[in-house]
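Trainee: model the following, please.
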Amino acid sequence: MTKWNIDASHTSVGFSVRHMMVSKVRGRFTGLEGTLEGNPEDLTGAKIEFKIDASTIHTNSVDRDNHLRSGDFFDTETYPNITFVTTDIVKKGDTKYDLTGDLTVRDVTKKVTFKTEFEGTAKNPWGVDIAAFEAETKISRKEFGLTWNQTLEAGGVLVGDDITITIEVQANPAE
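Mentor: Alright, predicted model coming up:
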């Protein structure tokens, strides 16, 4: 099996969640690493692993980011990383896959399936092969112990439960 490294400078891990029941807050994590062992053009049988530094959360609000790092949410001092390891990959079309694996947040591990699309391969200007993918899933934050919330005076809650996670990956062959 060929080993590929996730190119963190060309990969993004983003999320969105309902705020005050009507709008969405979007954010991202900037610290990540990962590998893909297998053929990027046919992920069947591949092994994919990600590790995200939870303290690198960025939502365009320093106060909110610090609150998300606190014990109310990610508790990054105790649980510094979010991890994902594939357990099953099912081909759903020429370039589409269901990547199922173990997602761990705050020491809680749940099976999650990312709807994934292989975007293709190319050579960068320095002659290095790259492979690209897009993946998306939706999780319940409460299932991972992220239960903090605040009731709104007009009814409802400050933070929604459903989190949409979107990952855009560029990988390069391991040296």
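Trainee: all helices of the chain, in order?
Mentor: Using DSSP state H, the helices assigned to the chain run over residues 62-69.
Trainee: show me where it dips below the pLDDT cut-off.
Mentor: Under the criterion of pLDDT under 70, none of the chain is flagged as low confidence.
Trainee: and the strands in it, which stretches?
Mentor: Counting by DSSP state E, the chain has these strands, from start to end: 3-6, 12-19, 23-29, 32-39, 42-53, 57-58, 81-91, 96-105, 108-123, 129-140, 159-173.
Trainee: would you format those as JSON lines with distance to Phe73 and mean neighbour count included?
Mentor: For every residue, glycine as well, the C-beta is placed using N, CA and C. Formatted as JSON lines, the strands of the chain follow (distance: least, C-beta to C-beta, whole Å; neighbours: other C-beta atoms under 10 Å):
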{"stretch": "strand 3-6", "distance to Phe73": "24", "mean neighbour count": "18"}
{"stretch": "strand 12-19", "distance to Phe73": "11", "mean neighbour count": "18"}
{"stretch": "strand 23-29", "distance to Phe73": "11", "mean neighbour count": "14"}
{"stretch": "strand 32-39", "distance to Phe73": "18", "mean neighbour count": "18"}
{"stretch": "strand 42-53", "distance to Phe73": "14", "mean neighbour count": "17"}
{"stretch": "strand 57-58", "distance to Phe73": "9", "mean neighbour count": "20"}
{"stretch": "strand 81-91", "distance to Phe73": "12", "mean neighbour count": "16"}
{"stretch": "strand 96-105", "distance to Phe73": "10", "mean neighbour count": "19"}
{"stretch": "strand 108-123", "distance to Phe73": "13", "mean neighbour count": "15"}
{"stretch": "strand 129-140", "distance to Phe73": "14", "mean neighbour count": "17"}
{"stretch": "strand 159-173", "distance to Phe73": "9", "mean neighbour count": "18"}
